[in-house]
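Engineer: The amino acid sequence is not available; the structure is as follows:
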């Protein structure tokens, strides 16, 4: 990330603390993120809501029980929260499957799904990928994959062999409420923010991931849609 002078600016970091919160450093921007729906009720766009004041570092709740959400208030210690991390540190490409369309390839790591449902519009990302010789189908397929907050889905241009990703500044979005599902959502981490586990191991740096903040995920620290079952 560069500032207006062209010099490399601060890049934030997320440290997963043992049975405790996410410790975020580097003045990483934090805001509420909301899902916008189309006329058919399908998620179609992310909207930024309230921005939180800038801080050099802050702690975000991971147990789901803080009274100061999205920030930690120490409740994890009182309830003996078990935040044991089980997610793989293997690269995404070692964890996904792929389907081949005429102009796009779609890779899919289903266990990363945060159930944001952007992939449902216009017949679904998978069908659109198979129809990607049609420019409109290709455009929507790429858009839907890029809106997938967890990075489960990634579109690849078969002509160049390159993945097609939206451009994000490093930031964290608090999915405060999925109004259609009636539940709070995960933390939407954008822009290649490094994430370090409690034992010091590094997860693959990715453009899009979702971190669990309900405390129930079976793929900690990442979201696995368990918030919808609370």
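Structural biologist: That came through, no problem. Because the structure is predicted, anything quoted here is derived from the model rather than measured.

Engineer: Mind listing what's buried along the lengthiest helix in the chain?
Structural biologist: Assignment by DSSP state H gives helix 135-147 as the longest helix of the chain. Across helix 135-147, burial judged by 16 or more other Cβ atoms under 10 Å covers 137, 138, 140, 141, 142, 143, 144, 145, 146, 147. Using the backbone N, CA and C atoms, a C-beta is placed for each residue, glycine as well.

Engineer: Could you name the helices and strands sitting against the helix or strand containing residue 126?
Structural biologist: Using DSSP states H and E, residue 126 sits within helix 125-130. With contacts taken as 3 or more Cβ pairs under 8 Å, 6 or more residues apart in numbering; DSSP states H and E, helix 125-130 sits against strand 97-100, strand 104-108, helix 135-147, strand 153-157.

Engineer: Any chance of CSV for those, columns distance to residue 186 and mean pLDDT?
Structural biologist: Shown next, in CSV, are the helices and strands packed on helix 125-130 (distance: least, Cβ to Cβ, whole Å; pLDDT from 0 to 100):
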stretch, distance to residue 186, mean pLDDT
strand 97-100, 22, 97
strand 104-108, 18, 98
helix 135-147, 14, 97
strand 153-157, 16, 98
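
Engineer: Tabulate these in JSON lines, adding columns for distance to residue 88.
Structural biologist: Below are the helices and strands packed on helix 125-130 laid out as JSON lines (distance: least, Cβ to Cβ, whole Å):
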{"stretch": "strand 97-100", "distance to residue 88": "15"}
{"stretch": "strand 104-108", "distance to residue 88": "15"}
{"stretch": "helix 135-147", "distance to residue 88": "21"}
{"stretch": "strand 153-157", "distance to residue 88": "16"}
